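1. Sequence isn't available, so here's the structure alone:
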């Protein structure tokens, strides 16, 4: 009588679970060993070069000037403050770039699909030229070949609205609020909140009763009209600070340095081409049946675009648009090459050279970029969740 | 009903409609595509004016009033572009400081690359030949190119990497970046989709860390921190450090592209491979990975294009790629204001490569994307 064959248990080296455990253990040991070696090497190297460690350097006096800063800064300030100045400058140029690249990109994307042959071709040529040229090259072009060769302040180019462009940058008038301006600001906020509530109420009422209320025209009128009225009633509490040529340079107004302008122009032009392509593919991804169905329902062309195509296209557009925003923010670090004082140039450049504390500074800089990336993707994910396809 | 009864029953034809506007010929085409409505006509006129303002001066500057021949700044009249400058400095832009008598080595490397890659664009070359050429380009060729460029073997004089520059350095950087980042990225993507939690975590951390920071900070790190990480006495060449930085950075991007492809394969393929008794590596290499890579060829080529453009960043850590070479040549006081000519030349070099790659990828996309397009 034969014994029933016992179920074969695989040999330990053939058991997938044991193998997985062994592989992971090996990988973990390798990675830990790798970091441990690096850690040890770094410690010995820093000791032999006399580099101190720790974040104490952040309280030391920096002693170098920064070309452009959004907050008051001078040479007597600390390294910690150079870090803040750098972050703010990075955020400034990325924010400006994101806003303008989005606007131009959407225009380009729509123009690419235009029925007008000339418009579509111009958009195509723009996109194919700009997205195949490195952004750094564009920054150099605007900075070294265009802005730096402009005349000196005495021969500035004048633009309407008291704007002056010369080799030291663009001077624009800037409004200065006077006492009492806060009333206008408070009114504006109140009106904005009121308009939002009005829109919600009218939508709810239309959903429930079908009665329409012209909420959009009314709220636009409110948002523009009421603050203007208050502004005039308060006696226009704003003075415009105009730039004027005094001696060899301009005084007053706000000076946008050429480094900022060239970085901003190059990032905008470059990223807009990519956003244009994203928008085009998003619109093309909406099936033609949707347009036909909406026309069959009798919706006008504008309403078809606003109510049917754009909401569906946004779903396709948002994820790649997010990564384009992230790319723009990361590309803003190209500022280093022309000396715009962004985070990399100020902190990873000058501060690192002066203190030599490479590990701490590189870690802090990378942490900032990682956080910016995480925050942008978080915001865009929230928006994406709001517009994503709700499957029921 | 009643109205019809009251009318007389005599048939009166309506007047004939006018003929429809022409839809063929130049006039018909212009009417349909340029002047279909009043806003459209306005847009057309506006953009035609824009083109008229912008294009003729550019053509005049670049071709009509430009100076092409000569051997110094004196040959340039200053009315148009001074292409003499590009012609005089062309060797510098291509080879950098690579010594003159050894430039045949660089040329050989260029020619070999062209021999391996150009047939890939022509479908009439047998597929087998193309495959072998591709394998050669990815394996033996880099070794051969390294020996030829660096020298120090077989009686070739040794050329330090600090003498490399120009277009040649750009191509070296991007080629190494491409050849390293594709396999490393594929491994990372496989790791990220692996069922082993520790391996997956390591891969996710690696990928997200590199993708979250700008390439400049990676290059800075490679040039400032890498020497700190290494034991005493070991020192990497500046070019090698840049190559390590670029490869690691783009591997992370490549990993995400390949992961997209792996996720696009239907689950049935994985299950079928397992049902046939294939182990993990066999199932991956024979069944899923080939399909996944084919699916994301456009994404891979786009990553290559981005990598190629971003090699310009090495000039910030002091390597002279083609943009670096142009940048150092335009400040030469022997020439007038030639910055625009220099940048236009560099832009043209990048544009040709990038546009070629993107056209190739779009062609592939059309070829692989059959049937379900409107």
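-> Nice, thanks for sending it over. Because the structure is predicted, anything quoted here is derived from the model rather than measured. Residues are numbered from 1 along each chain as shown, chains lettered A, B, ... in the order given.
2. mean confidence for the helix or strand containing residue A:221?
-> Per DSSP states H and E, residue A:221 falls inside helix A:215-233. On average, the pLDDT along helix A:215-233 is 81.
3. what sits against the nearest residue in space to residue B:173 that is not next to it in sequence?
-> Using Cβ to Cβ, 6 or more residues apart in numbering or on different chains and skipping the chain neighbours, the partner closest in space to residue B:173 is residue B:311 (4.3 Å). Bear in mind the C-beta positions are built from the backbone N, C-alpha and C, glycine included. By Cβ atoms under 8 Å, 6 or more residues apart in numbering or on different chains, the contact set of residue B:311 is B:170, B:173, B:174, B:177, B:246, B:321.
4. can we see that at 10 Å?
-> Counting by Cβ atoms under 10 Å, 6 or more residues apart in numbering or on different chains, residue B:311 touches A:134, A:136, B:169-177, B:215, B:242, B:246, B:319, B:321-323, B:350.
5. same question, residue B:120
-> Going by Cβ under 10 Å, 6+ apart, residue B:120 touches B:130, B:131, B:133, B:134, B:137, B:360.
6. gap between the fifth one and chain A?
-> Pointing back at residue B:137 there. Residue B:137 is 23 Å from chain A, where distance means Cβ to the nearest Cβ, to the nearest Å.
7. Give me the three-state assignment for that residue.
-> Following DSSP: H, G, I helix; E, B strand; the rest coil, residue B:137 is assigned to helix.
8. Show the buried residues in the contacts of residue B:120.
-> For the contacts of residue B:120, a neighbour count by 16 or more other Cβ atoms under 10 Å in any protein chain shown gives the buried set as B:130, B:133, B:137.
9. export those to a markdown table and tack on distance to residue A:240 and pLDDT?
-> Formatted as a markdown table, the buried ones among the contacts of residue B:120 follow (distance: Cβ to Cβ, whole Å; pLDDT from 0 to 100):
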| residue | distance to residue A:240 | pLDDT |
| --- | --- | --- |
| B:130 | 67 | 79 |
| B:133 | 67 | 81 |
| B:137 | 63 | 81 |
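10. closest to residue A:150 among those residues?
-> residue B:137 (46.9 Å; Cβ to Cβ).
11. buried residues in the host helix or strand of residue A:367?
-> Per DSSP H and E: residue A:367 is located in helix A:358-387. Neighbour-count burial for helix A:358-387, counted by 16+ other Cβ under 10 Å, picks out A:358-362, A:364-366, A:368-369, A:372-373, A:376-377, A:380, A:384.
12. Ok, stretch B:257-269 next?
-> Neighbour-count burial for stretch B:257-269 [16+ other Cβ under 10 Å]: B:257, B:258, B:259, B:261, B:262, B:265.
13. thinking again about what came up before, so which of the buried ones among the contacts of residue B:120 is the closest to residue A:311?
-> Nearest to residue A:311, judged by Cβ to Cβ, of these is residue B:130 at 45.3 Å.
14. Which neighbouring elements make contact with the host helix or strand of the closest one?
-> Assigned by DSSP H and E, residue B:130 belongs to helix B:127-138. Helix B:127-138 is packed against helix B:103-117, helix B:140-150, helix B:166-192, with contacts defined by 3 or more Cβ pairs under 10 Å, 6 or more residues apart in numbering or on different chains; DSSP states H and E.
15. and those, which is most packed in?
-> With neighbours taken as mean count of other Cβ atoms under 10 Å in any protein chain shown, the helices and strands packed on helix B:127-138 reach their highest mean count in helix B:166-192, at a mean of 22.
16. I'd like the average pLDDT over that one.
-> On average, helix B:166-192 scores 89.
17. how big is the angle separating the helix or strand hosting residue B:298 from helix B:166-192?
-> If you go by DSSP H and E, residue B:298 is part of helix B:297-310. Between helix B:297-310 and helix B:166-192, the angle comes out at 140 degrees (axes from the mean of the first three to the mean of the last three Cα atoms, to 10 degrees).
18. Does at least one residue of helix B:297-310 sit close to chain A?
-> Yes. Helix B:297-310 reaches chain A (Cβ under 10 Å from any Cβ of the partner chain) through B:305, B:306, B:308, B:309, B:310.
19. Test my guess that the third one contacts residue B:177.
-> It stands for residue B:308. Yes. Under the criterion of Cβ atoms under 10 Å, residue B:308 makes contact with residue B:177 at 8.2 Å.
20. Show me what counts as buried in stretch A:269-284.
-> With burial defined by 16+ other Cβ under 10 Å, the residues of stretch A:269-284 counted as buried are A:269-280, A:282-284.
21. Could you do stretch A:125-141 as well?
-> A:126-128, A:130-141.
22. From the contacts of residue B:120, pick the one nearest chain A.
-> Lowest distance from chain A to the contacts of residue B:120 (Cβ to the nearest Cβ) belongs to residue B:360, with 12.8 Å.
23. wait, is the closest one part of a helix?
-> Yes. Using three-state DSSP, the assignment for residue B:360 is a helix.
24. picking up where we left off before, which residues sit against the helix or strand just after the helix holding residue A:221?
-> The helix or strand immediately downstream of helix A:215-233 is strand A:238-241, counting by DSSP H and E. For strand A:238-241, contacts defined as Cβ under 10 Å, 6+ apart pick out A:161-162, A:172-178, A:180-181, A:184, A:231, A:251-254.
25. Show me what secondary structure element comes after strand A:238-241.
-> Strand A:238-241 is succeeded, C-terminally, by strand A:244-246 (DSSP H and E).
26. That following strand: partners in the sheet, and parallel or antiparallel?
-> In the sheet containing strand A:244-246, its partner strands are strand A:249-251 (antiparallel), by DSSP bridges.
27. Quick check: buried residues in the strand it pairs with?
-> For strand A:249-251, the neighbour count (16+ other Cβ under 10 Å) marks residue A:250 as buried.
28. Rounded mean pLDDT for it, please.
-> Strand A:249-251 comes out with an average pLDDT of 74.
29. buried set for the next helix or strand after that strand?
-> Next along the chain after strand A:249-251, taking DSSP H and E as the criterion, comes strand A:254-256. Within strand A:254-256, the residues scored as buried using 16+ other Cβ under 10 Å are A:255, A:256.
30. what packs against strand A:254-256?
-> Helices and strands touching strand A:254-256, by 3+ Cβ pairs under 10 Å, 6+ apart, are strand A:163-166, strand A:169-172, strand A:174-177.
31. what do you get if the cut-off is 8 Å, keeping everything else the same?
-> Under the contact criterion of 3 or more Cβ pairs under 8 Å, 6 or more residues apart in numbering or on different chains; DSSP states H and E, strand A:254-256 touches strand A:169-172.
32. Same list (the residues of helix B:297-310 next to chain A) but as TSV, adding pLDDT, distance to residue B:74 and neighbour count.
-> Formatted as TSV, the residues of helix B:297-310 next to chain A follow (pLDDT from 0 to 100; distance: Cβ to Cβ, whole Å; neighbours: other Cβ atoms under 10 Å in any protein chain shown):
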residue	pLDDT	distance to residue B:74	neighbour count
B:305	90	40	21
B:306	89	42	16
B:308	91	37	22
B:309	90	36	23
B:310	89	38	24
